[in-house]
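Enquirer: I'll drop the sequence and a predicted model, then ask my questions.
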Amino acid sequence: MPAGFPEPPATTSSGRFEIITDIDANEAAVRIIANGGTECAVDVEGPDGRVFTDKFTVADGFASGSLSLHDAILWDPVAPLLYHVR
């Protein structure tokens, strides 16, 4: 790269991920199998439009940590309120 230009970030993609929720703690534990890169960003959008974001360090092909969901909205089988993960 020419002088004065930042290096492009390493590309990280996910082959698979697992999420385990803790309703009492309003948290989601995230474990990601990463394909490359050194950091993995996770965005979770709640049913009310709030977005929760965190970044986790990739080590040995995995990234993991907990994401706080601040007053999580519980799912109801009659009116499912889903969270979307990116």
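Expert: Now that the structure is in, tell me what you want to look at.
Enquirer: And the strands in the protein?
Expert: 13-22, 27-35, 39-45, 51-59, 62-68, 84-85 (DSSP state E).
Enquirer: okay, Ser13: pLDDT?
Expert: Ser13 is assigned 61 on the pLDDT scale.
Enquirer: what does stretch 78-86 contact?
Expert: Identification of contacts with stretch 78-86 by CB atoms under 8 Å, 6 or more residues apart in numbering yields Phe17, Ile19, Val42, Asp43, Val44, Glu45, Gly46, Pro47, Leu69, Ile73, Leu74, Trp75. Just so you know, the C-beta spots here come from the backbone N, C-alpha and C atoms, and that holds for glycine as well.
Enquirer: any chance of those in TSV, plus distance to Phe56 and pLDDT?
Expert: Below are those laid out as TSV (distance: CB to CB, whole Å; pLDDT from 0 to 100):
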residue	distance to Phe56	pLDDT
Phe17	11	87
Ile19	12	92
Val42	7	91
Asp43	12	91
Val44	13	92
Glu45	18	94
Gly46	19	93
Pro47	24	93
Leu69	16	90
Ile73	23	90
Leu74	25	88
Trp75	24	83
